[in-house]
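Asks: no sequence for this one, just the structure:
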C-alpha cells in the first residue's frame, strides 16, 4: 500500500471490474498516499479461459485517438498516449508490452486530421502514397501497439506490488458492497482486511454496467468485434482503412512478439459470443487488400498472394463485446444513500473499443472526482 500522509486516515476503495479501465483506475488510486484499493471482478488477466464479455483480452489496442473536436476526450487520450509512450521506451518499465511503429491510416472519404497532429512524426499522405483501393486521403504518424495479454498482467502485478487486493466475485448489486464490504465475496483464504463499509466505490464494470444493480444503465450495449490473431513477424507497419458507405474499419496491428491482430467488425447489439467462419474469410480478404505484405515473403516473391496463403498463419479466431454506451463515456461522481450513510460512487465505463486509448487519462479523471468527493 502507498504510504499514508501523516495524520491522514486511510481511505478504502472498492473497484468493480478488472478490464483495462478497472486495472488502470485501481492502480492510479492505489499508488497515491493514503489509499487502499480492492478490485472485485468476475475475470482477471491471469484467466486461461477467455470470455467475450471480458473484451480487454481481445483488443487490438493500437493507439489511434478518435476524439475529434471533443477537447475533454482529447486530453484523456493524450495523457494515455504520453504515459504509454514513456512506458514503451527502451529500458522502460513496460517496454516489452509495447511496440513503437509507424501508423498508416487510409480513409474512403475526405476528412481533416487536426486532432492527430499532436502525434510524433505526423504527416499527411500524398496522392502517390494512396496505394490502397478506394482510399481518398490518409496520414501517418508514430504510435504504440499494446501486447494486450502481457500488458494487462503488468498492470495487475504492479497494482498488487503497490499493496492492492483482488477478489474474484460476481456482484449483483453495489449495495452488496456497501452493506458488508468485500467480505461477501472473499473466501477464507483471501486477504480481505478492508472494513465492512468501503469509503468509495468505483464502477468500471464495462458491459456489466447494463445489468449491475444500482447502476442498470440500459444505454450500455455490446459492439461485437471479431478479429484474427496471426503469426507474421515480418510486418513492420500498422495499417488501417475506414470511412465511406461501408463503414467498415479494417486494420492490421503487429505486436512485439511477432504476432499480429487482423480485423475487424463492429456489430452493435450482437451478442453472439463465438467467431463466425464467414466473418473470418471476410477479414482475410479485406486485410490482404489493405496489406499484401501479410503473406509470407517467399510467396510474394513468386506470385500474387491469396487469402489461402494467410489461413495457415492463423493462431486463433477471437470474439469480444466492446462495452459501448449510447450517451458516450460515463465519467462522473454520484452519491448513494445507504443505511443513513452517503457513499461516493464514481463511474468509469462506456469506452467501447477505445478503452486502451483512454485508460490512463480516464483513471486520472476518476481520481480527481474521488478527491473531490472526500473533500466534500
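Replies: Perfect, I can see it now. Computed from a predicted model, the values in this text were never measured in an experiment.

Asks: Where do the helices of the stretch 1-150 of the chain begin and end?
Replies: Under the criterion DSSP state H, counting those that start in this stretch, the stretch 1-150 of the chain carries helices at the ranges 20-30, 71-87, 148-161.

Asks: Over to the stretch 151-300 of the chain?
Replies: Taking DSSP H, counting those that start in this stretch as the test, the helices found in the stretch 151-300 of the chain are 175-180, 277-290, 297-302.

Asks: tell me which residues of the longest one are tucked away?
Replies: What it means is helix 277-290. Using 16 or more other CB atoms under 10 Å as the burial criterion, the residues of helix 277-290 that qualify are 279, 280, 282, 283, 284, 286, 287, 288, 290. Where C-beta positions appear, they are placed from N, C-alpha and C, glycine not excepted.

Asks: Doesn't residue 359 lie inside a helix?
Replies: Yes. The assignment for residue 359 is a helix, going by DSSP: H, G, I helix; E, B strand; the rest coil.

Asks: That one: how many residues sit nearby?
Replies: Using other CB atoms under 10 Å, residue 359 is surrounded by 31 other residues.

Asks: and stretch 221-230, how far from the chain's centre?
Replies: 13 Å (CA atoms, centre = their mean, to the nearest Å).

Asks: switch to numbering from 126
Replies: New numbering, starting at 126: the last item is stretch 346-355.

Asks: Now do the buried residues in that stretch.
Replies: Buried residues in stretch 346-355, defined by neighbour count with 16+ other CB under 10 Å: 346, 347, 348, 349, 350, 351, 352, 353, 354, 355.

Asks: With stretch 369-384 instead?
Replies: Neighbour counts using 16+ other CB under 10 Å place 373, 374, 375, 376, 377, 378, 379, 380, 381, 384 of stretch 369-384 among the buried residues.

Asks: same question, stretch 165-176
Replies: So stretch 165-176, judged by 16+ other CB under 10 Å, has buried residues 165, 166, 167, 168, 169, 170.

Asks: got it, and stretch 217-232?
Replies: Applying 16+ other CB under 10 Å to stretch 217-232 flags 219, 222, 223, 224, 225, 226, 228, 229, 230, 231, 232 as buried.

Asks: Could you tell me how many residues sit around residue 401?
Replies: For residue 401, using other CB under 10 Å, the count is 16.

Asks: Skipping its backbone neighbours, what lies nearest residue 372 in space?
Replies: Spatial nearest neighbour of residue 372, chain neighbours left out: residue 391 (7.7 Å); criterion: CB to CB, 6 or more residues apart in numbering.

Asks: what sits against the one you found?
Replies: 348, 349, 350, 372, 373, 374, 447, 478 (CB atoms under 8 Å, 6 or more residues apart in numbering).

Asks: Report the separation between residue 375 and residue 235.
Replies: 19 Å (CB to CB, to the nearest Å).

Asks: actually residue 393, not the one I typed
Replies: 25 Å.

Asks: quick one: which of the two has more around it?
Replies: With neighbours defined as other CB under 10 Å, residue 393 and residue 235 compare such that residue 393 has more, 11 against 8.

Asks: my read: the more buried one touches residue 348, true?
Replies: Yes. At 5.2 Å, residue 393 counts as touching residue 348 under the criterion of CB atoms under 8 Å.

Asks: Can you give the distance of stretch 415-431 from its chain's centre?
Replies: Relative to the centre of its chain, stretch 415-431 is centred 31 Å away, using CA atoms, centre = their mean.

Asks: And it, what's buried?
Replies: Neighbour counts over stretch 415-431 (16+ other CB under 10 Å) mark 415, 416, 418, 419, 420, 421, 430 as buried.
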